[in-house]
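**Q** coordinates only, sequence not included:
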């Protein structure tokens with residue numbers, strides 16, 4: 001299984017970006033998928049995930065109401081729509097595949113992409 005992110009870039013505070021992740025390889029649609037981020041000097045942190053079983057989404061408190069996670073199983077793709085971006089959102093964003101139906105911590109996920117940089121700056 002290989003995951004490949006795209007869509008990162010430089011955006012002004014208050015702006016929006018859409019991250020995409022394509023999952024290569026044959027996996028069940030029941031696996032959960034998620035987004036994490038990591039800033040220099042900080043641990044990788046949970047952003048959002050979506051259950052493969054129920055389609056329900058979980059979000060970190062810091063992004064609730066601003067970010068939306070979605071998946072398109074027909075395209076083996078995962079998305080993260082990010083609105084009202086702030087400097088605190090600056091990080092490398094990683095998509096990941098859960099080892100089960102869902103997850104909200106790093107240890108729940110077994111396959112990771114290489115990451116895409118998101119920089120929020122004026």
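**A** Right, received. Where do you want to start? Predicted model only: the values in this text are computed from it and were never measured.

**Q** how about the nearest residue to the spatially most central residue of the chain, chain neighbours excluded?
**A** When the chain is reduced to its mean C-alpha position, the nearest residue by C-alpha atoms, centre = their mean turns out to be residue 35, at 2.1 Å. Nearest-residue entry for residue 35: residue 47, 4.3 Å, with adjacent residues in sequence omitted and distances by C-beta to C-beta, 6 or more residues apart in numbering. C-beta coordinates here come from the backbone N, C-alpha and C atoms, glycine included.

**Q** Would you agree that neighbour is in contact with residue 61?
**A** No - using C-beta atoms under 8 Å, residue 47 and residue 61 do not qualify as a contacting pair, with a distance of 10.8 Å.

**Q** can you pull the contacts of the residue lying closest to residue 27 once chain neighbours are set aside?
**A** On the basis of C-beta to C-beta, 6+ apart, the spatially nearest residue to residue 27 that is not a chain neighbour turns out to be residue 1, at 5.7 Å. Taking C-beta atoms under 8 Å, 6 or more residues apart in numbering as the definition of contact, the neighbours of residue 1 are 23-25, 27, 97, 111.

**Q** Neighbours of residue 39, how many?
**A** Applying other C-beta atoms under 10 Å, we find 13 other residues in the vicinity of residue 39.

**Q** which secondary structure element contains the residue nearest to the centre of the chain?
**A** Applying DSSP states H and E as the criterion places residue 35 in strand 33-38.

**Q** What are the buried residues along the one helix or strand residue 20 maps to?
**A** Counting by DSSP H and E, the secondary-structure element that holds residue 20 is strand 17-24. Neighbour-count burial for strand 17-24, counted by 16 or more other C-beta atoms under 10 Å, picks out 17, 19-21, 23.
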